[in-house]
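**Student:** Okay, predicted coordinates and the sequence, questions at the end:
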4 protein chains.
Amino acid sequence: MRPEDRKDPTAAFPDGPPPAPGEHRTDPPSRRARIHQILEQPSRTDRLSWAVELGLIALVLANVIGVALETEPALHAEYRWEFFLFDALSVGIFTVEYALRLWVSPEGNPRKPPWRARLRYARTPMALVDLVAILPFYLALVFPLNLQALRVLRLFRVYKLARYSPALAVLMSVIREEAASLAAAFSILAILLVFAATGAYFVERAAQPENFGSIPEAMWWAIVTLTTVGYGDVTPVTAAGRIFGAFVTVLGVGVAALPAGILASGLADHLRRRRDHLRIQFRLALEDGKMDLTEGRAIERLRGELGISHDIARAIYDEVLLKRRRDGEVVCPRCGHRIRRAEPAE
Amino acid sequence: MRPEDRKDPTAAFPDGPPPAPGEHRTDPPSRRARIHQILEQPSRTDRLSWAVELGLIALVLANVIGVALETEPALHAEYRWEFFLFDALSVGIFTVEYALRLWVSPEGNPRKPPWRARLRYARTPMALVDLVAILPFYLALVFPLNLQALRVLRLFRVYKLARYSPALAVLMSVIREEAASLAAAFSILAILLVFAATGAYFVERAAQPENFGSIPEAMWWAIVTLTTVGYGDVTPVTAAGRIFGAFVTVLGVGVAALPAGILASGLADHLRRRRDHLRIQFRLALEDGKMDLTEGRAIERLRGELGISHDIARAIYDEVLLKRRRDGEVVCPRCGHRIRRAEPAE
Amino acid sequence: MRPEDRKDPTAAFPDGPPPAPGEHRTDPPSRRARIHQILEQPSRTDRLSWAVELGLIALVLANVIGVALETEPALHAEYRWEFFLFDALSVGIFTVEYALRLWVSPEGNPRKPPWRARLRYARTPMALVDLVAILPFYLALVFPLNLQALRVLRLFRVYKLARYSPALAVLMSVIREEAASLAAAFSILAILLVFAATGAYFVERAAQPENFGSIPEAMWWAIVTLTTVGYGDVTPVTAAGRIFGAFVTVLGVGVAALPAGILASGLADHLRRRRDHLRIQFRLALEDGKMDLTEGRAIERLRGELGISHDIARAIYDEVLLKRRRDGEVVCPRCGHRIRRAEPAE
Amino acid sequence: MRPEDRKDPTAAFPDGPPPAPGEHRTDPPSRRARIHQILEQPSRTDRLSWAVELGLIALVLANVIGVALETEPALHAEYRWEFFLFDALSVGIFTVEYALRLWVSPEGNPRKPPWRARLRYARTPMALVDLVAILPFYLALVFPLNLQALRVLRLFRVYKLARYSPALAVLMSVIREEAASLAAAFSILAILLVFAATGAYFVERAAQPENFGSIPEAMWWAIVTLTTVGYGDVTPVTAAGRIFGAFVTVLGVGVAALPAGILASGLADHLRRRRDHLRIQFRLALEDGKMDLTEGRAIERLRGELGISHDIARAIYDEVLLKRRRDGEVVCPRCGHRIRRAEPAE
C-alpha cells in the first residue's frame, strides 16, 4: 500500500468532470433504449436529451402562462383562436410524450413482461400527472363540458415540472421525514387558533358584531393575525380586544413560522447527511492511495443520485485528499489523526 | 465472534415490522387490564384499541366544530335542539371514558393501593382536562349559569387531543429545554417594544393624538409592526415617524421571529439526538454480529418510545449494518474505521 | 481503578441538587460581604437574596407600567399625586440599591483598593443604567427641565432588568459571535431596499406621485413590504408596479427574515457547545470511576456559569454514566467504544 | 517531543494579536506595490490604507444618500448646483480610484505581462461595477441623454460596497452552495402561488370581478398573502373565499419563509465548517507541543482568509491548548481521549 502512495492518487478522477455513464456504452442502444435514455435519463453530456428536456420545460411554462392569460377577458376575446391553437399543439406534443414514455417504460423494468411494466408505469404519480395534463382536452371534444373549468384544469400542467427538479424530490422526502414535527406544529397552531378566535369572539363581539359575531367569523381574524398576514380588514378596536390581540400575537407569531423552520433545518440536516455519505465514499475509495476508474465511476453515479453539485463534490474530494497527503501513511478516515504505526514499542 | 459474522445478522429484526409487545402476552389479560390496554396503550396492531382512539379523536373534533358553529346565531336558532342532543351525547361518552380511565388507572401503577393510584391519576393534567370537558355540563344542570359562557368552555375539549399526539409531547419537551432561550427572546422583544412605543409616542404624538396619544396606545402600533402583522389601522404619517418606524422595523423584524427559530432548531436538535440514541442501540446490538430476538424487541420498544417512524428506523439500521459488513472484522462503531488487529503484535 | 468501579460512582453528586457554594462557608460573612452576596450573587437557596431580587424586578416592572400609564392624559390628570409619590418612592429605593452596590463592590474585587474597585464598578454598563434610572429625578429637583421628556426617560429603567437574565447575556454573546453574518444580512437587505425603492420610484411615480414621488418616499413602501409588515397604506396600483412589487417581494421576503434565522441557529449552536463542554467535564470527572466532592462542586459551579438547567445537566450526567457502566472497563470517552485491553496480546 | 511540553507552548502566537503580514517586509515596497497594498489589501494595522478604505466607503454612502435625496423635487430645485458639484467631485475621485486600481493590478498577478493582468482585472465583477459607477457621467457630457434616468443609475454605486464586506462574499458562496435547495423552495412557492391564484379566481371571481377577474389579477392577492405581506388592498370577502384563503395561508405561510431558513442554516453550517478548519490547523500546529513563528503566521493568514474574528480564533486556540495540556502526553486530537502508551504490554 505504501509504494502506491508515491503515485499520483488523483490520476483516475479529478482531471476534469468524470465521464457520464452514457459515454462508456460501446454497443449502440436499440431505438427504444435510446428514446428511454433521452426521456428518462437526461444528462448534460447528451445534447439531444438535454434539448428535449429544456423544450418540454419551456412548453409547460408557456402553457401555464397561456392559461393564466386566457382568463383575462380582454385577451381571451381578442386571441381566442390563437389560444386554442396553442392548446391543441401543446396537447399534441404532450400526448406524443406520454405515449413514448409509456412505450419505453419496459426499459427501466426489464425483468417484467412489457405490458406489466407499462401498467406499473401508468400508475406512477408522474404518469398520472401527464395523463391529467392531456385528458380534459379529449374529453371536451367528446362531451359538452364546462369549458371555463376545463381551461383552468390545464393549469395543473405545472405539476409536470416536478419531474425535472431533483431538489423538489429532496424537499418531498424531507417533508416525509419531518412529518411528525410538522404535524405537531400544525396541531399547536390549530389549538392556538381556536384559543385566539374564542377569546376575540368574547371581547370584541359587542363592539363589532359583523366581524366577531361568531367563532367561525372570529377565526378569519385569528388566521390573518397569527400567520402575520395582517390584511387589516378585521382588527380589534376595543381596548380589551387590543390587549388580547397583542397577547395572542406576541405569543403565537412564532408558531405559524414553525413549519418553515422545521423544513429548513430538516433540509439542512438531510443535505449534510448526503454530503457525509459522499465523503465516506471518497475516503473508502482513497484508502488504498489511489482512485481507480471503477471507483471514480461509482462515485460519480452516487454524486448524481444524491443531487450534489460538481463544485461541492470537488471540494469534498480535495479536502479528503489533502487530509490523506498531509498525514502520510495511515490515518483515521474520520478524524484525520495520523496513527504512527512505525514507532518503537509497537 | 467471527464465525457468527457468517450467519445472517438480520435474522431477528428486519423481516417486517417486529411484533408489538402486546402480541407476546400468552395469558389472557383481565377485563380491567384489557380496557387499560385499549384506552391507555393504543397500538395499530390492536384493532379495537385503534378504533376507540380514532373514534374519540373524531368526537373531539366534531365537538369543537359543533361549538364553533353554535355561536353562529342563525344556526343556533334553527338547530338548537340538535346541538343540545349532540352535546349531551358527547358528554355521556366523555363521562364513560373518564370513569373507565379512572377505574383502570391502577393497572399502570400496580404497586400502589388502587384508590391512591386513582387519586394520583385524577391529578394528572390529562385527567383534569377530561374532567373540565364534562363538568360544565353537569354544573349547568344544577345551577342557573351563564349558558353562553358555558357553551364556549366546551371548546376547551380540544385539549383532549393532546393525549393522542406524541409529537406534541416532543414539542412540549423542546419548549422546556429551550425555556431559557425563549425567555431571552421574549425579554428582548419586550425591551424593543417599550423602545418602539416610546419613540413613536414622541415623534407621532402631535400628528395623530388619537393613535399615539400615550405609550400604551403607541404599544398597539409597536406590537402590530414588530410582529410584522401590519394591519395598517395605525401607521406613522410624519416623515420623522416613518424614519423611526423604518429603523425600528428593520432592526426588530427578526426579533419577533426568534422564538420560532429557537423552537425549530431546538426541535431539529432534539430529533437528531433521538436518532443518534437509536443508532447507538443498533450498533451495540449488532456488536456480536447478529441481533437476537430480545435485542430486536428492546430496540422496537425504544423506537416506539422515541417516536421514530419505521422508515427512519429501517434506514438507520441499514446504515449500521452496511458499515459493519463493509468493514469485515473489527470496526470502530463510531467512525467506521477498520481496526486491522491481525497485525504485528497479535 | 477497577475495584472502584464496584462502588457506586454516583455517591458524590447525583443525590439531589448539589449544595450551593454559599452553604459551605462556615465562618459568618461580614455585613458588607453579606450584602454583596444578597445583591450580586442571588441564589434560590438564599431566601433573603431571592426575595430582594424578586422585589427589585417587580419594582422595575411596576415603574415601566406606571410611566406608560402616566402618558395617558386622563390618568395623569386624576392620579398626578399618586404617580409622583410612586416615582419618588421608587427613586428612593433605587438610590439605596445603587449606593449599596457601590459600597459592596470591593467584595468582588478584593485585590484593589476599595475606591478603585468602586470607580471601576461605577463604570460598568449595569452601574451606568442604575445611575441613569435615578439621576433625572434629582436633576429635575434642581433645574427647571422639560418634565414630559424626563418622565419618559424613566422608562429606560426597564434596562435594569438585563442584570437578572442570564439568557440575555447569552443572546448578547451570540450577537457578538454572529456579528459578521448579521452585518452581511443587513448589507444585503440595504442593497435590496435601494433596488426596490428605485424600481418602484420608476414604475409607480406617474400613477402615485404622492407616495412614490422620490426615492426616499418609495423607500417607505420598500421597507414596509420587504419586512412583510405590509400596512397597506402605500401599495402599487399599476400593472407594472404590481409585477415589480411581486418580483421584489418573492425574492426579498427571505432576506428580512435572515437575521432572525442567523440568531436562532447561532443560539442553538452556542447552547450545544455549552452542553458539550459540560458533558466533557462529566466524562473527565468520571474517568476514575467515581465523582468526588471537589469534582461535583466544580461541575455544579460550571453548570451555573453555563446557565444550563438542573434537568438538562442531570440528563447529560445520566447519559455519561450509563455509557460508562454499559461498557465496563475502558471506553473511548467520545464514542463509547469499548477498548478490550484484556485480550490476547496483553 | 516530551521535553518541549515543559516549555510554554503558547510562546509564539498568543501574546497579543499576531503581527500582520505587512510588518515583516523589511525592504520598502515600490510605489506601485505600496498603492496596491493600500487599495487592495487594507488592514487595520496600516493606518493609511485603513483611512482610504473608510473614506471610500463614506463617499459611496454619501453618493447613495445624495442621489436618493436628489429625486425629491423640492430639494432638487433648490440645491441643483450643489448636487451637480458633489456628483462631479465623486466621479473624479472614483475615476482616480479606478485608474489606480487598474495601474496596480499587475502587482496581484506578477507572472503575467502587465497589460494582460490589467485586462484580466478590468473584467472582474468589481472592476465592472467601478466602471459603471463613473461611465454614465462621462457619457452624459458627450451625448444628450435622459438625465433623470442617468441620475438614478448612479444609485448602483452602492454595489461598490460589496468589495468591503467579506461577509457578503460568504453569503454569496452560501447561496451558491444551497442553490439546489433554494431552487426547490422557489419551485414549491411557484406551484403554490399558481394553486392559490387559481382557487381564489374560482371562488372570488363573482363577488370581486375587479380584483379576482383573471388568474394574473388573483396572483397579486396570492403573492401578497403567501409572503405574509398582507397589504389588505385585495382580500377575500365571501365565506368560500375566506375558507379557501385561510386554508392556503396556513399551509403556505411557511413556504415563503423557507428561503430565509435555508440561507440561515446554510450560513450556520458554512461558518461552523470554517471554524472546524481553523481548529484542525491549530491542532496540527500544536501536535509537537509548541507553535513556532511560521505556523503562527500561516494560521493568522488562514484566520484572515476565513473571516474569523480574533476573539473566536483565540477561543478555539485556548480550547485546543487546554485539551492538550490536560491530557498530557499523547491524545486523540478529535475526542481528547488520552492514549496511555506507557502501559504493560507495550
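**Tutor:** Thanks, I have it. Since the model is a prediction, treat every value here as computed from it, not as a measurement. Residues are numbered from 1 along each chain as shown, chains lettered A, B, ... in the order given.
**Student:** When you work out contacts or count neighbours from here on, use the C-alpha atoms and nothing else.
**Tutor:** Will do.
**Student:** which residues touch the spatially closest residue to A:Leu75 that is not a sequence neighbour?
**Tutor:** Spatial nearest neighbour of A:Leu75, chain neighbours left out: A:Leu69 (7.0 Å); criterion: C-alpha to C-alpha, 6 or more residues apart in numbering or on different chains. By C-alpha atoms under 8 Å, 6 or more residues apart in numbering or on different chains, A:Leu69 lies in contact with A:Leu75, A:His76, D:Ser214, D:Ile215, D:Pro216.
**Student:** So which of those residues sit within strands?
**Tutor:** Using DSSP state E, the subset of these located in strands is empty.
**Student:** Can you tell me which residues in chain A are near chain D?
**Tutor:** Contacts of chain A with chain D, taken as C-alpha under 8 Å from any C-alpha of the partner chain, map to A:68-69, A:71-73, A:152, A:155, A:158-159, A:165, A:167-168, A:171, A:220, A:223-224, A:227-233, A:256-261, A:263-265, A:267-268, A:312, A:335, A:337, A:345-346.
**Student:** Mark which of those are buried, thanks.
**Tutor:** A:68-69, A:71, A:152, A:155, A:158, A:167-168, A:171, A:220, A:223-224, A:227-233, A:256-261, A:263-265, A:267-268, A:337 (16 or more other C-alpha atoms under 10 Å in any protein chain shown).
**Student:** residue ranges for the helices of the stretch 51-200 of chain A, please.
**Tutor:** In the stretch 51-200 of chain A, the helices defined using DSSP state H, counting those that start in this stretch lie at A:73-78, A:80-104, A:114-122, A:125-142, A:147-153, A:166-177, A:179-204.
**Student:** From the contact counts, what lies against the third one?
**Tutor:** I take that to be helix A:114-122. helix A:80-104 (3 or more C-alpha pairs under 8 Å, 6 or more residues apart in numbering or on different chains; DSSP states H and E).
**Student:** Packing partners of the helix it packs on?
**Tutor:** Applying 3+ C-alpha pairs under 8 Å, 6+ apart, one finds that helix A:80-104 makes contact with helix A:31-40, helix A:47-70, helix A:114-122, helix A:125-142.
**Student:** Quick one: the ones you listed as CSV, columns for mean pLDDT too.
**Tutor:** Formatted as CSV, those follow (pLDDT from 0 to 100):
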stretch, mean pLDDT
helix A:31-40, 85
helix A:47-70, 87
helix A:114-122, 89
helix A:125-142, 85
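**Student:** now these as TSV including distance to C:Arg111?
**Tutor:** Formatted as TSV, the helices and strands packed on helix A:80-104 follow (distance: least, C-alpha to C-alpha, whole Å):
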stretch	distance to C:Arg111
helix A:31-40	78
helix A:47-70	76
helix A:114-122	82
helix A:125-142	76
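**Student:** Quick one, which of those gets closest to A:Gly245.
**Tutor:** Nearest of the helices and strands packed on helix A:80-104 to A:Gly245, taken as C-alpha to C-alpha: helix A:47-70 at 38.2 Å.
**Student:** Flag every buried residue along that closest one.
**Tutor:** Applying a neighbour-count criterion of 16+ other C-alpha under 10 Å, one finds A:49-50, A:53, A:56-57, A:59-61, A:63-64, A:66-70 buried in helix A:47-70.
**Student:** Of those residues, just say which sits nearest to chain C.
**Tutor:** A:Leu69 (13.5 Å; C-alpha to the nearest C-alpha).
**Student:** Okay, the closest one and A:Leu155: tell me how far apart.
**Tutor:** Using C-alpha to C-alpha, to the nearest Å, A:Leu69 is found at 11 Å from A:Leu155.
**Student:** list residues touching both of these two?
**Tutor:** Common neighbours of A:Leu69 and A:Leu155, counting by C-alpha under 8 Å, 6+ apart, are absent.
**Student:** among the contacts of A:Leu69, who's most crowded?
**Tutor:** Ranked by neighbour count under the definition other C-alpha atoms under 10 Å in any protein chain shown, the contacts of A:Leu69 are headed by D:Ile215 with 29 neighbours.
**Student:** Which pLDDT value belongs to that residue?
**Tutor:** Here, the pLDDT recorded for D:Ile215 equals 88.
**Student:** what does A:Leu226 give?
**Tutor:** 91.
**Student:** tell me which element the closest residue to it other than its chain neighbours is part of?
**Tutor:** Leaving aside its sequence neighbours, A:Leu226 sits nearest to A:Val253 (C-alpha to C-alpha, 6+ apart; 5.5 Å). Using DSSP states H and E, A:Val253 maps to helix A:239-285.
**Student:** per-residue confidence for the closest residue to A:Lys112 other than its chain neighbours?
**Tutor:** Closest residue to A:Lys112 apart from its sequence neighbours, by C-alpha to C-alpha, 6+ apart: A:Pro106 at 7.4 Å. As predicted, A:Pro106 sits at a pLDDT of 88.
**Student:** Next, count neighbours for A:Pro106.
**Tutor:** For A:Pro106, the number of neighbouring residues by other C-alpha under 10 Å comes to 23.
**Student:** got the contact list for it?
**Tutor:** Contact analysis of A:Pro106 by C-alpha under 8 Å, 6+ apart lists A:Lys112, A:Pro113, A:Pro114, A:Trp115, A:Ala117, A:Arg118.
**Student:** Closest to A:Phe94 out of the residues you listed?
**Tutor:** A:Arg118 (17.4 Å).
**Student:** interface residues of the stretch 101-250 of chain A facing chain B?
**Tutor:** Counting by C-alpha under 8 Å from any C-alpha, the residues of the stretch 101-250 of chain A lying close to chain B are A:177, A:180-181, A:183-185, A:187-188, A:191, A:194, A:198, A:213-216, A:225-233, A:235, A:242, A:246, A:249-250.
**Student:** Go again with 7 Å.
**Tutor:** A:180-181, A:184, A:214-216, A:225, A:228-232, A:246, A:250 (C-alpha under 7 Å from any C-alpha of the partner chain).
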